[in-house]
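Trainee: A structural model of the following input is requested.
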Amino acid sequence: MIEVILKEDVANLGHKNDIVKVKPGYGRNYLIPQGLAVLATQSARKVNAENQRQRAHKEEKVRQEAVALAAKLEGKKITIGAKTSSTGKIFGSVNNIQIAEALEKEGFAIERRNITIKDDQVKEVGTYTANIKLHRDVKVAIEFEVVPE
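Mentor: You can find the predicted model right below:
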């Protein structure tokens, strides 16, 4: 196992500036050449620690904004119209793009990549739950209802 410092968030591994242990092949053949990580040498650790100290104040401000937005979104229910058959099945499916657009109309600018739907595919009329990741530690669940147009 080797230790690397992540330059970007890597799914199922860690967040930016985290020091993680990975297998040597994964680190040397994928993470480092792709620019996602650097080896965690002594000097790289010192630079990383200094950068984290400087960024901590800004990060806390961003986190506070995310907490405030989460408080506004808590308990919010949005409605999404979809073309349906007579049995209540949707033609196509509802995805995170439509949820992001509905939230945009409500005045919340949230990137679609940060929205995940609990049920893999929404193909029927009904009420569902979506998870929104506002910050690395701040997540909020909102309900959305799919109604026929």
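Trainee: please report the distance of the residue minimising distance to the centre of the chain from Gln54.
Mentor: Nearest to the centroid of the C-alpha atoms of the chain, with distances taken as Cα atoms, centre = their mean, sits Asn114, at 3.4 Å. Asn114 sits 25 Å away from Gln54, going by Cβ to Cβ, to the nearest Å. The way it works is simple: take the backbone N, C-alpha and C, and place the C-beta from them, glycine included.
Trainee: cool, and Val140?
Mentor: From Val140 to Gln54 the distance is 29 Å (Cβ to Cβ).
Trainee: between these two, point out the one with more neighbours.
Mentor: Neighbour totals were compared for Val140 and Gln54, and Val140 leads with 20 against 9 (other Cβ atoms under 10 Å).
Trainee: Glu8: what's it in contact with?
Mentor: Neighbouring residues of Glu8 by Cβ atoms under 8 Å, 6 or more residues apart in numbering: Lys16, Gly35, Leu36.
Trainee: no no, Glu143
Mentor: Lys76, Lys77, Ile78, Thr127, Tyr128, Thr129, Ala130.
Trainee: same question for Ile117.
Mentor: Here Ile117 is in contact with Val94, Asn95, Asn96, Ile99, Tyr128, Thr129, Ala130, Asn131 (Cβ under 8 Å, 6+ apart).
Trainee: quickly list what it is bridged to.
Mentor: Ala130 (DSSP bridges).
Trainee: what's the pLDDT at it?
Mentor: Ile117 carries a pLDDT value of 86.
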